[in-house]
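Trainee: everything below, folded, please.
(2 chains)
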Amino acid sequence: MRGRTFASLHEGDEGRWAHTIAGPEVDAFATLSGDDNPLHLDDGFARTQGFRGRVVHGMLLGAWLSRVLGTHFPGPGVLWLSQSIRFTRAVYVGDAVEVVVRVKHKAEALRTLVLDTSVLGPDGTPVLTGEARTMMLPTDRTPAWNDYVAIVTGAGRGIGAAVARGLGERGARVVVNYRTGADAAVAVAEAVQAAGGDAIAVQADITEAGAGAALVAAAQERWGRVDAIVNNATPAIERKPFEELEWEEVDRYWQTYVRSAFTLTQAALPGMKERGFGRIVHVLTSAIWGKPPVNSAGYVAAKSGLWGLTKAMAVELAPHGITVSALSPSAVMTDQWEGSSDRQRRALALALPAQRLATPEEVARTVAFLLGPEGAYLHGANVPVAGGEVM
Amino acid sequence: MRERLRDVMATVFEVPVSDIPDDADSVTMPGWDSLRHLELMLELEMSFGVRIPADQVPELTSVGAIEDALRDHGAG
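Mentor: Prediction:
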């Protein structure tokens, strides 16, 4: 989108637009406004009044100021609250003028800007001076899918792979992050490309310091920015009674779910704030809704922690056009169930009101919903993709 | 500070300073509606050189509350 976001504007920032005034523009403004004063339309009359020729309507300069405010600086979403104007010199057809808008004061809490506004004449001195007060209305800046850049962690297999493929089908550009299993991750990246998107497979253990920054750097190097992050990576989930748990096992979940979401988002945040758009999606679990399953304390605690982080981030990042949301799948038909019998899987499915397990693609479609324009107003949501298991 | 504050309020509400009593608030002050309130907050920031946090904006609805906040934010 053209123009600037409120977050990216600072006191002292300036926007400029140069233009040479044409006679038909003055004629058109006279028709539009009804101001057919001969001073603006008749060279002969204007000369008899001591002017060099017909004088351009002052409010035509004001109209060009409106053009700059609404389309360029600050740009779309601006609401013009008030304007003081002083015309200091006459301007003529053929003059080259320049509209200059400078941020004088930024009131963060009010999303309001006080702007020094001026129009400079051919010699660079002002022909119009004044002060504008404007409010910046939040606008949806969701990019088109074929312009969309997402990082998906743990995307070499399972839900993450389905998310990456689903984004590829929509034409998006995807960082396919994986920790181990390069061949599978490369195959996912190739599938994304074959579907019409673009992708790179990037190895990184997201629990390690610097991994988040490396993933963001990889996306920026290839596509110039990061629009969205899907925090999906997980360690192998082992069920174990609480009293047998070692803290190191619990900490592995916290590192993978909470710390990685923290570091990855912080690395991507400056760019998202600058552009006024970002989507963060955390993959949680239906196990954190209601009564949790037994022998899952570390897993449930860390996923619950990530849900807390989801809400806290959502509140703080919403003013910057960044949504933070989550989804809670129940059991999904991924390779984690390899080794279990058909009977076990059937029993698991029959325990759900939907009478079947979710497919990775169903989860991926919900992620795409949260990432796309449909998710623009979902802040701190937790969508249960759980076949009715939790409500 | 009280006098400067009343000057600012008089400008925003377009009334004489004498019409701004020391106990003026958004309930008793004619014209202190939500739009005028935002205008007042902006003028306070510019006149006193302070930054008013978003969560404080709805609370500054009386001369006393504004004066306290300005003092907290280091306004002279």
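Trainee: pLDDT weak spots in the stretch 201-350 of chain A?
Mentor: A:337 (pLDDT under 70).
Trainee: for chain B, give me its nearest residue in it.
Mentor: Nearest residue of the stretch 201-350 of chain A to chain B, counting by CB to the nearest CB: A:P319, 7.9 Å away. Where C-beta positions appear, they are placed from N, C-alpha and C, glycine not excepted.
Trainee: report how many residues lie close to that residue.
Mentor: 16 (other CB atoms under 10 Å in any protein chain shown).
Trainee: what's the answer for the one 3 residues further on, then?
Mentor: In terms of burial, A:I322 registers 25 neighbours under the definition other CB under 10 Å.
Trainee: and it, what does it touch?
Mentor: Taking CB atoms under 8 Å, 6 or more residues apart in numbering or on different chains as the criterion, A:I322 is in contact with A:L269, A:M272, A:K273, A:F277, A:G278, A:R279, A:I280.
Trainee: which residue packs closest to the fourth one, ignoring adjacent ones?
Mentor: The one in question is A:F277. A:R141 (4.0 Å; CB to CB, 6 or more residues apart in numbering or on different chains).
Trainee: make TSV from the contacts of A:I322 and add secondary structure and neighbour count to it.
Mentor: Shown next, in TSV, are these (DSSP: H, G, I helix; E, B strand; the rest coil; neighbours: other CB atoms under 10 Å in any protein chain shown):
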residue	secondary structure	neighbour count
A:L269	helix	19
A:M272	helix	24
A:K273	helix	19
A:F277	coil	24
A:G278	strand	24
A:R279	strand	25
A:I280	strand	26
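Trainee: and these, which is closest to A:A22?
Mentor: Ranked by distance to A:A22 (CB to CB), these are led by A:F277 at 37.1 Å.
Trainee: I'd say the closest one and A:G321 touch.
Mentor: Yes: when contacts are counted by CB atoms under 8 Å, A:F277 is listed as touching A:G321 (5.0 Å).
Trainee: looking at the chain, which helix is longest?
Mentor: Using chain A here. Using DSSP state H, we find that the single longest helix of chain A is helix A:297-317.
Trainee: nope, chain B
Mentor: Longest helix in chain B by number of residues (criterion: DSSP H): helix B:34-48.
Trainee: pull the CA atoms of that one into CSV?
Mentor: Provided in CSV are the C-alpha atoms of helix B:34-48 (Å, rounded to 0.1, in the frame of the first residue of the first chain):
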residue,chain,number,x,y,z
SER,B,34,-15.2,13.0,23.0
LEU,B,35,-13.8,14.8,20.0
ARG,B,36,-13.1,17.9,22.0
HIS,B,37,-11.4,15.7,24.5
LEU,B,38,-9.0,14.3,21.9
GLU,B,39,-8.3,17.9,20.8
LEU,B,40,-7.6,18.8,24.4
MET,B,41,-5.1,15.9,24.9
LEU,B,42,-3.3,17.0,21.7
GLU,B,43,-3.0,20.6,22.9
LEU,B,44,-1.8,19.5,26.3
GLU,B,45,1.0,17.4,24.7
MET,B,46,2.1,20.3,22.5
SER,B,47,1.7,23.1,25.1
PHE,B,48,3.4,21.2,28.0
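Trainee: is any residue of the next helix or strand after it near chain A?
Mentor: Toward the C-terminal end, the helix or strand that comes next after helix B:34-48 (DSSP states H and E) is helix B:63-72. No: Helix B:63-72 lies apart from chain A when judged by CB under 8 Å from any CB of the partner chain; the minimum separation is 11.6 Å.
Trainee: show me what helix B:63-72 is packed up against.
Mentor: Helix B:63-72 is packed against helix B:2-13, helix B:34-48, with contacts defined by 3 or more CB pairs under 8 Å, 6 or more residues apart in numbering or on different chains; DSSP states H and E.
Trainee: what about the longest helix of chain B, average pLDDT?
Mentor: For helix B:34-48, mean pLDDT rounds to 92.
Trainee: so for that helix, what gets flagged as buried?
Mentor: B:R36, B:H37, B:L38, B:E39, B:L40, B:M41, B:L42, B:E43, B:L44, B:E45, B:S47, B:F48 (16 or more other CB atoms under 10 Å in any protein chain shown).
Trainee: end to end, how far does stretch A:195-209 reach?
Mentor: 33 Å (CA to CA, to the nearest Å).
Trainee: so who does the residue of chain B found nearest chain A touch?
Mentor: Residue nearest to chain A within chain B: B:A54 (3.9 Å; CB to the nearest CB). Residues in contact with B:A54, defined by CB under 8 Å, 6+ apart, are A:E108, A:A109, A:P319.
Trainee: closest one of the contacts of A:I322 to B:F13?
Mentor: A:K273 (35.6 Å).
Trainee: contacting residues for the closest one?
Mentor: Here A:K273 is in contact with A:T5, A:A7, A:S8, A:H320, A:I322 (criterion: CB under 8 Å, 6+ apart).
Trainee: a markdown table for those residues, including distance to A:L378 and secondary structure?
Mentor: Formatted as a markdown table, the contacts of A:K273 follow (distance: CB to CB, whole Å; DSSP: H, G, I helix; E, B strand; the rest coil):
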| residue | distance to A:L378 | secondary structure |
| --- | --- | --- |
| A:T5 | 20 | coil |
| A:A7 | 20 | coil |
| A:S8 | 24 | coil |
| A:H320 | 15 | helix |
| A:I322 | 12 | strand |
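Trainee: if any of the residues you listed are buried, put those into a ChimeraX selection.
Mentor: Of the contacts of A:K273, the buried ones can be selected in ChimeraX as follows, counting by 16+ other CB under 10 Å:
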select /A:5,7,320,322
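Trainee: now tabulate the contacts of A:K273 in JSON lines and tack on distance to A:A201.
Mentor: Compiled in JSON lines, these are given as follows (distance: CB to CB, whole Å):
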{"residue": "A:T5", "distance to A:A201": "32"}
{"residue": "A:A7", "distance to A:A201": "32"}
{"residue": "A:S8", "distance to A:A201": "32"}
{"residue": "A:H320", "distance to A:A201": "30"}
{"residue": "A:I322", "distance to A:A201": "26"}
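Trainee: between the contacts of A:K273, which is closest to A:V163?
Mentor: A:I322 (18.8 Å).
Trainee: before we move on, the earlier item: which residues are common contacts for A:F277 and A:G321?
Mentor: Residues touching both A:F277 and A:G321 (CB under 8 Å, 6+ apart) are A:R141.
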